[in-house]
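Novice: Pasting a predicted model and its sequence here:
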Amino acid sequence: MTSTAVTTFLGVIALATLMMALIQVGAIIYMARMARRIEGLLGRVEHDLQPTVERINAVSLEAARAATLATMQLERIDKTLTNVSGRVDQTVLSLQKSLGTPAKEGAALMAAVRATVGALRDARDARRRRADGPYQDDDDYLFI
């Protein structure tokens, strides 16, 4: 190969390398501009979303506070219901003791009164039978 051909090829290679360098510099400049635009867009988005994020944080804090209060109230209600249940049980047992014993004694007294009245009636009937003579049933005359 001749020196002019080599020089020409070297010129073409140099020109191609220069074009590649220019394209790369252009791409770097374009990317830098895009990065600045994206950074500006992100700044605006952060600025616009900041109040919303603050409101969401406030709402979540309020919800956590409400949940804590509700839990405390439920615990108080549970303690109160447990206390009331125990007192009701004590009252029922006390009523059973105070009313059960007199009721049993009253039932025993009524049984004694019935037995006494029954014994008095039997004694009266026995005296009548002795006074009337031998006992005859009203249905004796129907017997064949």
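Specialist: Great, that's in hand. Numbers count the residues shown, from 1 in each chain.

Novice: And Val92, how close does it get to Ala64?
Specialist: According to C-beta to C-beta, to the nearest Å, Val92 stands 42 Å off from Ala64. For glycine as for every other residue, the C-beta is placed from the backbone atoms N, C-alpha and C.

Novice: Next: Leu49.
Specialist: Remark: distance between Leu49 and Ala64 (C-beta to C-beta) = 22 Å.

Novice: ok, now Val25?
Specialist: According to C-beta to C-beta, Val25 and Ala64 sit 55 Å apart.

Novice: helices or strands up against the helix or strand hosting Arg36?
Specialist: Per DSSP states H and E, Arg36 falls inside helix 3-132. Packed against helix 3-132, as judged by 3 or more C-beta pairs under 8 Å, 6 or more residues apart in numbering; DSSP states H and E, are no other helices or strands.

Novice: and it, average pLDDT?
Specialist: Looking at helix 3-132 alone, the average pLDDT works out to 89.
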